[in-house]
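Trainee: sequence plus predicted model, see below.
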Amino acid sequence: MKKSTDDLMKILRSKDDVDDYFDECDNEIFFGGLSELINYFMAKKGLEKNSVVKKSGLSRGYAYEIINGKSDKVYSRDKVIMMCFGLELTVDEAQQMLKKGGYAPLYARDTRDSIIIFSIEHKISVINTNIKLAEYNLNELK
C-alpha cells in the first residue's frame, strides 16, 4: 500500500466506473474482513498465532475467535486494539484495523487514545499500557 488516501480519492473521483478504480488500485485496497486483515498482517510480519495471542492480552479462545473470523460475534473496539498490540502493528496499521472493524480510529486529542497511540508507537505491552491507563484513572483495555 503506497498511495495516500488523498491520492486514492482523486483516482476514485476521476473514474466513471468503480470497477475501473478497483482495477487500477487493487493492490491498494483490502477487500477482506477483519479476520482476513489479521491473517494478512500475521503473514506480512511472519508472526505465529500463539505469539499474537500471547502479546494481545486476550484470552486464548477469544483471540482465536477473532483470528478465525467467527462471524456471529461483534468484537469491541478494545478487543480490536488489543489484537493490534498482538500483531505488533504500527499506528497506521492499527487505524486500518479499527476502520475494518467498524470503529473510529484512535484520536490523539483523547487522553485514553493518546496513551494507546503512544504505547503502540513505542511497542509498549498491553499490560504496561493498562498500568499507564490506570495511572490516569482511565478504563484499561479489556
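Mentor: Right, received. Where do you want to start?

Trainee: got the residue ranges for the strands in this structure?
Mentor: Using DSSP state E, no strands are found in the chain.

Trainee: quick check: buried residues in the worst-scoring helix or strand of it on mean pLDDT?
Mentor: Lowest on mean pLDDT, DSSP states H and E among the helices and strands of the chain sits helix 18-25, with a mean of 88. By 16 or more other C-beta atoms under 10 Å, the buried positions in helix 18-25 come out as 21, 25. The C-beta positions use only the backbone N, C-alpha and C, and glycine is treated the same way.

Trainee: and what of stretch 132-142?
Mentor: Within stretch 132-142, the residues scored as buried using 16+ other C-beta under 10 Å are 133, 138, 141.

Trainee: show me the contact partners of it.
Mentor: Stretch 132-142 is contacted by residues 57, 78, 81-82, 111-112, 115-116, 119, 124, 126, 129-130 when judged by C-beta atoms under 8 Å, 6 or more residues apart in numbering.

Trainee: go through these and name the one nearest residue 26.
Mentor: In terms of C-beta to C-beta, no member of these lies closer to residue 26 than residue 81, at 28.3 Å.

Trainee: that'll do, ta.
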